[in-house]
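> Predicted model follows, preceded by the sequence.
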Amino acid sequence: MSGEAFLSLTSASTMNTNTKRKGIVVFSGGSAANNLVDVFSTVREDKRCPLSYVIPISDNGGSSSELIRVFGGPGIGDVRSRLVRLIPDDPDHDDSEKAAIKVFFNHRLPKDRSKAREEWLQIVEADHALWANISTAKKELIRSFLNMINSEILKRMRPSSTFDFTGASIGNLFLTGARLFSGSFESAIYLLSSICSVPSHTSVLPAINTNFTHHITVGLANGEHITGQNSISHPSVATPLENPAPSQTEETEFHDGIEDANLPGTLPTLRKQYITFSKADEEDLPARIERLWYINPYGQEIRLAANPRVTACLGEAQAVIYSIGSLYTSIVPSLILKGIGQAISNPSIRYKILILNSTTDRETGPSTSPFSAVDFIAAIAKACNESRGVSGSATPSLGPSDFRSYVTHLIHLQGPGTPNVDKSEMEKLGIETIKVYGRKMEGESFVRYDEKALIQALKVLIGERDPRMERSRRNTLEG
């Protein structure tokens, strides 16, 4: 089918879409997908429908790792990041308070430990420039939860364990304070959403609504297991793949001597501080990732149910979008949850769109055998099948119907380092492909999605086509 014929057919079928299903659900992680927030917001505005972001809570790196070590609870960094990114910009009004709140909740303390502690006290005592342009009412509301978390930190101080403020995110500290005060992660998200003026038509939903910590493990093709999101995605300087570690017993005994939120006997790799790590220059995994699952603190596999609000949104959605980001630590942890695969496979969701990454990373390598588009889709299908209790550990067990149950359309770029897209293979699977033109930023070796081109592609798929688009389509999009 030609690009023109496909686009015309898609546009015509869009007019017959079941009006009862209007929502758009986006599965994503944090930083990468934040770059596409304006794209999704524009499509939502065009459709005048609800937009929901589903965010995993398994991150155990950065400042989240220290909050988890001392207080337990879910990894909140990606949720906080998305809420702050959704603070609306109004070009027609100079809203200095919204800009100040965005800076405030995105602020990180210095990397020097003593300077970080000193700056934290300045913020708690309202003696810091970050408070400028934030109204008294909001300032005192925010301070109340920062003072609360500060008090909890002091109460948990022990000779063997003190809180490390190095590089801590003020937004993460606030969200943790709100969760501890209310006893509800959902309530803490609601409070931060309100302060950030996130529009009511857009929601940020944790994949699991929980007050507990949930970790992930991956199995590699060579039989190895890697535990904890940070170790999977971007390990610290000392990596278990290269350096021999102390015996399990020695490490466990060492960590059992530290008073923190972890239960005695918990896996040592789940109890370490991962405040410092690098997302650049990551070494390849020794083999491809084949499967991901959740574990309890002792390393045993567990099956968890999805946040009921997520499955409810999927029940009202006309479109599901798998956004760019880390495949196995940003997307798959949400898909393997009970209830997700069944909800996505519903034929009433007409559009199940994968926005393919513009490059491969540590999770979709190794560099000698990078993932193709089919590999990305297979990983999604396996995860959704596992959500339904169907083993998806081997690709041959998945047929074309399995793939199309979870992915109906693929949007991709073409350029240096982009994953290979075999159109004939996609046609055999019944998956439509749309290539959009990207742009290359100065100093970067990869191609980025162009916002206008991506908006146009998504509108063609799930929105009403603007007649003016037909004349300019070839400039940005190729069917």
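Cool, got the structure.
> Who are the packing partners of the one helix or strand A457 maps to?
A457 belongs to helix 451-462 when assigned by DSSP states H and E. Packed against helix 451-462 by the contact rule (3 or more Cβ pairs under 8 Å, 6 or more residues apart in numbering; DSSP states H and E) you find helix 3-14, helix 37-47, strand 317-322, strand 351-355, strand 409-412, strand 432-436, helix 469-476, strand 477-478. For the C-beta atoms, the positions are set from N, CA and C on the backbone; glycine is no exception.
> Any buried residues in the longest helix that the chain contains, and which?
For the chain, the longest helix by residue count, based on DSSP state H, is helix 136-155. By neighbour count on 16 or more other Cβ atoms under 10 Å, the buried set for helix 136-155 is 138-139, 142-143, 145-146, 148-150, 152-153.
> mind showing which ranges of the stretch 1-150 of the chain have poor pLDDT?
1-20, 91-94 (pLDDT under 70).
> and if we set it to 80?
Scanning the stretch 1-150 of the chain for pLDDT under 80 picks out 1-21, 90-94.
> Sketch out the strands for it, chain order is fine.
23-27, 51-55 (DSSP state E, counting those that start in this stretch).
> Just send these back as CSV, with distance to K115 and mean neighbour count too.
As requested, those are exported to CSV (distance: least, Cβ to Cβ, whole Å; neighbours: other Cβ atoms under 10 Å):
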stretch, distance to K115, mean neighbour count
strand 23-27, 38, 25
strand 51-55, 31, 26
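> Adding distance to Y328, write these out as JSON lines.
Formatted as JSON lines, those follow (distance: least, Cβ to Cβ, whole Å):
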{"stretch": "strand 23-27", "distance to Y328": "13"}
{"stretch": "strand 51-55", "distance to Y328": "15"}
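> D284: which of the ones you listed is closest?
Closest of these to D284 is strand 23-27, at 25.6 Å (criterion: Cβ to Cβ).
> and the angle from the closest one to helix 451-462?
130 degrees (axes from the mean of the first three to the mean of the last three Cα atoms, to 10 degrees).
> got the angle between strand 23-27 and helix 37-47?
Going by the same axes, to 10 degrees, strand 23-27 makes 160 degrees with helix 37-47.
> So what are the sheet partners of strand 23-27 and their directions?
Note on strand 23-27: by DSSP bridges, its sheet partners are strand 51-55 (parallel), strand 317-322 (parallel).
> Residue ranges of each domain in this protein, please.
3-17+24-39+312-478, 76-190 (automatic domain parsing).
> Comparing these, which comes out most buried?
domain 3-17+24-39+312-478 (a mean of 19; mean count of other Cβ atoms under 10 Å).
> neighbours around G265, how many?
12 (other Cβ atoms under 10 Å).
> hmm, back to that, just send the strands paired with strand 23-27 back as CSV, with distance to R439 too.
Formatted as CSV, the strands paired with strand 23-27 follow (distance: least, Cβ to Cβ, whole Å):
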stretch, distance to R439
strand 51-55, 24
strand 317-322, 21
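> what about those strands, which gets the closest to K338?
strand 51-55 (14.3 Å).
> So for stretch 202-220, mean pLDDT?
Here stretch 202-220 scores 97 as its mean pLDDT.
> From start to finish, how long is it in a straight line?
37 Å (Cα to Cα, to the nearest Å).
> now that stretch: how far from the chain's centre is it?
Distance, stretch centre to chain centre, for stretch 202-220: 10 Å (Cα atoms, centre = their mean, to the nearest Å).
> out of the strands of the stretch 1-150 of the chain, which comes closest to K423?
strand 23-27 (24.4 Å).
> Show me how far the closest one is from its chain's centre.
That offset, for strand 23-27, works out to 13 Å (Cα atoms, centre = their mean).
> who's in contact with that strand?
Here strand 23-27 makes contact (Cβ atoms under 8 Å, 6 or more residues apart in numbering) with 33, 40, 43-44, 47, 49-54, 310, 313-314, 316-323, 331, 334-335, 462.
> So which of the strands paired with strand 23-27 is nearest S348?
Nearest of the strands paired with strand 23-27 (Cβ to Cβ): strand 317-322, 8.1 Å.
> Show the subsequent helix or strand relative to that closest one.
helix 332-335.
> So which residues make contact with that next one?
Contacts of helix 332-335 (Cβ under 8 Å, 6+ apart): 27, 54-56, 58, 207, 216, 229, 292, 294, 306, 310, 340-341, 344, 379-380, 383-384, 387.
> Give me the subset of these lying in strands.
27, 54-55, 216, 292, 294 (DSSP state E).
> Can you convert those into JSON lines and add a column each for distance to L67?
Formatted as JSON lines, the ones in strands among the contacts of helix 332-335 follow (distance: Cβ to Cβ, whole Å):
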{"residue": "F27", "distance to L67": "24"}
{"residue": "V54", "distance to L67": "21"}
{"residue": "I55", "distance to L67": "16"}
{"residue": "I216", "distance to L67": "18"}
{"residue": "L292", "distance to L67": "23"}
{"residue": "Y294", "distance to L67": "19"}
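> roughly how far apart are the nearest residue to G299 once chain neighbours are set aside and Q248?
Distance criterion Cβ to Cβ, 6 or more residues apart in numbering; nearest residue to G299, sequence neighbours excluded, is L267 at 5.1 Å. Separation of L267 from Q248 (Cβ to Cβ, to the nearest Å): 8 Å.
> Tell me which of these two has more neighbours.
When neighbours are counted by other Cβ under 10 Å, L267 and Q248 differ, and L267 comes out ahead with 21 against 12.
> wait, doesn't that one sit right on D256?
No: checked against Cβ atoms under 8 Å, the pair L267 and D256 is beyond contact range at 11.7 Å.
> contact partners of stretch 221-230?
In contact with stretch 221-230 (Cβ under 8 Å, 6+ apart) are residues 58-62, 65, 75, 215-220, 232, 236, 240-241, 267, 269-270, 274, 277, 285-290, 295, 299, 329, 333.
> ok, now stretch 438-450?
35-36, 39, 324, 355, 358-359, 413-418, 436-437, 453, 476.
> ok, now with 7 Å
358-359, 413, 415-418, 436-437, 476 (Cβ atoms under 7 Å, 6 or more residues apart in numbering).
> Repeat that for stretch 285-297.
214-222, 224, 227, 241, 262-263, 266-267, 270, 301-302, 304, 328, 332-333, 336, 362-363, 365-366, 369, 393.
> Let's see which of the residues you listed end up in helices.
Counted as lying in helices by DSSP H, out of the contacts of stretch 285-297, are 332-333.
> Which ones among the contacts of stretch 285-297 map onto strands?
Using DSSP E, these in strands are 215-220, 227, 301-302.
> And the buried ones among those, selectable in PyMOL?
In PyMOL, this line selects whichever of the ones in strands among the contacts of stretch 285-297 come out buried by 16+ other Cβ under 10 Å:
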select buried, resi 215+216+217+218+219+220+227
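> from the ones in strands among the contacts of stretch 285-297, which two are the most distant?
Maximum distance among these (Cβ to Cβ): 20.2 Å, for L220 and I302.
> How about Y406: what's its closest non-neighbour residue?
C384 (4.7 Å).
> What distance do you get for that neighbour to Y322?
11 Å.
> Repeat that for L205.
L205 sits 15 Å away from Y322, going by Cβ to Cβ.
> Having no further points to raise, I will conclude here.
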